[in-house]
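> Turn this into a structure:
(one chain, ligands or ions: 1)
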Amino acid sequence: MCGIVGYIGPKPAAPLMVEGLSKLEYRGYDSAGIAILEDHQIEIIKRKGRLAELVSALEAQDLTGKVGIGHTRWATHGKPSHENAHPHYDCSKSFAVVHNGIIENYQEIKKKLIAEGHKFISETDTEVLAHLVEKHYKGDLLQTVHHVIGLIDGAYAMAVIAKDEPERIVCVRKDSPLVVGLGEGENFLASDIPAILKHTRKVFLLEDGEVATITKDVVEVYQKGEKIDKELFKVTWDAEAAEKGGYPHFMLKEIFEQPRALRATFKGRLNNGAVTLDEMRDIKGLDKINKVYFVACGTAYHAGLVGKDVVENLARIPAEADIASEFRYRDPIIDDKTLVVVISQSGETADTLAAMREAQNKGAQVLAVTNVVGSSVSREADLVIYTWAGPEIAVASTKAYLTQLAAMYLFGLFLAQERGILTPKQTSEITKALRELPGHVETVLEQAGKVERLAHEWAKRENAFFIGRGLDWAVAQEGSLKLKEISYIHAEAYAAGELKHGTLALITEGIPVVALATQGRIYDKTISNIKEVKARGAHVTGLVFEGVDISETVDEVIAIPNTIPLLAPILSVVPLQLLAYYAAIARDSDVDKPRNLAKSVTVE
Ligand code: F6R
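Predicted structure coming up:
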């Protein structure tokens, strides 16, 4: 996600900005920029792409100013580009602003400002902040920022400099982190502690609504216009741990970020018992669509498997899920009544892109479900639903998958709602259950210790099985892939009813099996299949809803909070992610960078 840095003191600010931003690179970004204040002038240098591009651009400059703010941007509003990169000026170049988060009412503000004569250069929500500061500035930047935050809705961490106030930086946060680092005769600002850790371990952690003015000698913090005393926080951990937010690996951090990621996916899309998907407003012939294909690779394909069931179940439209590398070569039967949904975290996967082009050539509309704004998939698709999981660093996908599932429910429900398949009451019940999911994921995560103990046993084995029926089978496939890719334990996912047609021969004494049994309609059938593997000596962990008594049938039980069975995958996959993670740790694998694998597969 985006990163912010700031400096005021006796040293040239530009190199410190670059150094701070380099410590935030792990968060993911697609452009970077700095604003340096010197001689009552603000110079902004920014570049699309890696920080190295910005560094080369700076080599041609002679920036000696000692006040600066900097930013790495991960595109949300507007594609990755030079214009959209931060910092942003106002019309008169008197102010520069960097911002993380989203200004929800920026469109109406922008419209008004344009009518008043303000000229906008970017597509970002952030630029309205610079123009608002310009409009309301009456000689006191602190007062102006206080005023401006009363006009905006949304989440923000923002820092502003003014050419006429070269002695200070003003910053504010709401729902987006911001810290002020305290030095000797110099002070720092950052969205994340690693950016300033080389210079100071003394920080103020700003709380929501707090505004700070930072000079080289003094930091003052205000809440609702009143100056407050801030408690000093002493950082005791090292920079690497801080980048991972205190977690030992990105994968674990990302697993634990899932409640937040889900909330971001649902934000603004579940309103008054209905689904709002503005992204779908340009869909053509919604009532004529007679086939939906989900096309993707790996984990994203597993999200497509859930998507298929969701669309058939809720919208009653025939649906298929297909692996992109197969789909593209098998001459699929597609026409203009087909909607092809490509799912891709990175939006750059070569097979998914090729499958998408194939579908478009055959006349289908393509909807992309992706996490990366401005990615190839998002640019070429006819429609895009962003998952808003935030950058995913670990090679093994976790939070991106969960948010892809969330997108599947939003999309399926949207189709059902728009085609009048569900009654408003039914839709409202499902939206209510969706809203509860982030909290339920938090509850599942509380069982991490139990899963870790189980994983230590699994780590001693070379083979394992995941079984289930219906949606449980879809999740079993994801659980199996996760275990294989990071722990290197061989695992098979099987439709529980299919075991006895061959695979049962592999079930021997002590072999670990996870049996998912969340789908009430076929629960009894799954229980029979569990008994088949138990009778052959398997060590079975049953994954069921709370209150379901399966303890007589299995060796271990993992319970997930109750929800509508259709939504169970969002909860049942979480213990499987943890199981893979802890088994990999016990086997000493390189969890975040498993052997032979890459995060983005841009070759066929
Ligand atoms: C597994 C994993 C991969 C990706 C696949 C598609 O944990 O991450 O299977 O899901 O390579 O990648 P995207 O979603 O970027 O198209």
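> if I read this right, Met356 contacts Asp382, doesn't it?
No: if you go by C-beta atoms under 8 Å, Met356 and Asp382 don't touch, sitting 9.8 Å apart. Where you see a C-beta, it was placed from the backbone N, CA and C, and this is true even at glycine.
> pLDDT value on Tyr247, please?
Looking at Tyr247, its pLDDT is 93.
> Kindly apply the preceding question to Ala241 instead.
69.
> try Ile550
pLDDT, Ile550: 95.
> Just want to know which of Met356 and Asp382 has more residues nearby.
Between Met356 and Asp382, counting by other C-beta atoms under 10 Å, Met356 is the more crowded of the two (29 against 16).
> Now for the more buried one: which residues touch it?
With contact set as C-beta atoms under 8 Å, 6 or more residues apart in numbering, Met356 has these partners: 295, 340, 342, 366, 368, 377, 380-381.
> Closest one to Asn271 out of the residues you listed, please.
Nearest to Asn271 among those, counting by C-beta to C-beta, is Ala368 at 23.1 Å.
> a strand runs through that closest one, doesn't it?
Yes: counting by DSSP: H, G, I helix; E, B strand; the rest coil, Ala368 is part of a strand.
> Gly347 is in contact with that one, correct?
Yes: at 7.0 Å, Ala368 counts as touching Gly347 under the criterion of C-beta under 8 Å.
> Pull the number of nearby residues for the nearest residue to Arg73 once chain neighbours are set aside.
Leaving aside its sequence neighbours, Arg73 sits nearest to Ser31 (C-beta to C-beta, 6 or more residues apart in numbering; 4.7 Å). By other C-beta under 10 Å, 27 other residues sit near Ser31.
> how about Ser31, phi and psi?
With angles defined as degrees, to the nearest 10, Ser31 sits at phi -160, psi 160.
> Find the residues that touch each one of Met356 and Asp382.
Counting by C-beta under 8 Å, 6+ apart, the shared contacts of Met356 and Asp382 are Val366.
> on that earlier part again, please convert the buried members of the contacts of Met356 into PyMOL selection syntax.
Buried residues among the contacts of Met356 (16 or more other C-beta atoms under 10 Å), as a PyMOL selection:
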select buried, resi 295+340+342+366+368+377+380+381
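> who touches Val384 in this structure?
Counting by C-beta under 8 Å, 6+ apart, Val384 makes contact with 279, 367-370, 378.
> do Ile467 as well
Contacts of Ile467 by C-beta under 8 Å, 6+ apart are 473, 476, 493-496, 499, 513-516, 526, 529-530, 533.
> Just to be sure, it is in a strand?
Yes: with three-state DSSP as the criterion, Ile467 is part of a strand.
> For it, list each beta-bridge partner.
Following DSSP bridges, Ile467 is listed with bridge partners Tyr494, Ala515.
> Just give me the residue closest to the centre of this structure.
Ala389 (1.2 Å; C-alpha atoms, centre = their mean).
> So which residues on the stretch 501-604 of the chain come close to the ligand?
Taking C-beta under 6 Å from any ligand atom as the contact definition, the stretch 501-604 of the chain meets the ligand at 600-601.
> Show me the strands in the stretch 501-604 of the chain, by range?
Assigned strands in the stretch 501-604 of the chain, in chain order: 512-516, 539-545, 556-560 (criterion: DSSP state E, counting those that start in this stretch).
> Show me where the stretch 401-550 of the chain has its helices.
All helices of the stretch 401-550 of the chain, identified by DSSP state H, counting those that start in this stretch, fall at 424-445, 448-458, 471-487, 523-535.
> go on, the stretch 251-400 of the chain?
258-266, 298-310, 324-327, 350-361, 376-380, 399-418.
> Which neighbouring elements make contact with the third one?
Put plainly, it is helix 324-327. strand 291-296, helix 350-361 (3 or more C-beta pairs under 8 Å, 6 or more residues apart in numbering; DSSP states H and E).
> Parallel or antiparallel, which strands does the first one pair with?
Looking at strand 291-296 with DSSP bridges, its paired strands and their directions are strand 319-323 (parallel), strand 338-344 (parallel).
> that older thread, list just the nearest of the contacts of Ile467 to the ligand.
Nearest to the ligand, judged by C-beta to the nearest ligand atom, of the contacts of Ile467 is Ala493 at 13.6 Å.
> That closest one contacts Ser480, correct?
Yes: look at Ala493 against Ser480 with C-beta under 8 Å: they come within range, at 3.8 Å.
> Stretch 405-420 close to the ligand?
No: against the ligand, stretch 405-420 shows no contacts by C-beta under 6 Å from any ligand atom, the least distance being 12.1 Å.
> Against Ile343, how distant is the residue in the stretch 251-400 of the chain positioned nearest to the ligand?
Evaluated by C-beta to the nearest ligand atom, the stretch 251-400 of the chain has Gly298 as its residue closest to the ligand, separated by 1.9 Å. Separation of Gly298 from Ile343 (C-beta to C-beta, to the nearest Å) stands at 10 Å.
> Same drill for those two, tell me which one is more crowded.
Using other C-beta under 10 Å as the criterion, Gly298 and Ile343 rank with Ile343 on top: 34 against 22.
> near the ligand, which residues of the stretch 251-400 of the chain?
Residues of the stretch 251-400 of the chain lying near the ligand (C-beta under 6 Å from any ligand atom): 297-300, 344-346, 349, 352, 396-397.
> quick one: which two of these are the most distant?
The widest separation within those (C-beta to C-beta) is 17.8 Å, between Thr352 and Ala396.
> Return the member of the contacts of Val384 nearest to Val311.
Leu367 (11.4 Å).
> how much space between Val218 and the ligand?
Separation of Val218 from the ligand (C-beta to the nearest ligand atom, to the nearest Å) stands at 47 Å.
> what are the phi and psi angles of that residue?
phi -130, psi 140.
> Ok, Ile36 next?
Per degrees, to the nearest 10, the backbone of Ile36 is at phi -120, psi 130.
> returning to what we had before: of all the helices of the stretch 401-550 of the chain, which one is nearest Asn313?
It's helix 471-487; of the helices of the stretch 401-550 of the chain, that one is closest to Asn313 (C-beta to C-beta) at 9.2 Å.
> just to revisit the earlier point, among the helices of the stretch 251-400 of the chain, which gets the worst mean confidence?
Across the helices of the stretch 251-400 of the chain, the lowest-scoring stretch is helix 376-380, with a mean of 90.
> The closest residue to Met158 other than its chain neighbours and the ligand, how far apart?
Ranked by C-beta to C-beta, 6+ apart and with sequence neighbours excluded, the top spatial neighbour of Met158 is His99, at 4.4 Å. With distances taken as C-beta to the nearest ligand atom, His99 is found 27 Å from the ligand.
> State the helix or strand in which His99 lies.
strand 95-103 (DSSP states H and E).
> tell me the contacts of the nearest residue to Glu231 once chain neighbours are set aside?
Leaving aside its sequence neighbours, Glu231 sits nearest to Phe204 (C-beta to C-beta, 6+ apart; 7.9 Å). Listed by C-beta under 8 Å, 6+ apart, the contact set of Phe204 reads 179-180, 182, 212, 219, 221, 230-233.
> What of Tyr156?
99-103, 129, 149, 172-176.
> Check Ile8 too.
Ile8 neighbours (C-beta under 8 Å, 6+ apart): 66-68, 167-169, 186-187, 214-216.
> One more pass at 10 Å, please.
37, 66-69, 161, 166-169, 183, 185-189, 214-217, 219 (C-beta atoms under 10 Å, 6 or more residues apart in numbering).
> Kindly report the same for Ala416.
275, 310-311, 313-317, 422, 426-427, 430.
> out of those, which are buried?
The neighbour-count test (16+ other C-beta under 10 Å) applied to the contacts of Ala416 identifies 275, 310-311, 313-315, 317, 422, 427, 430 as buried.
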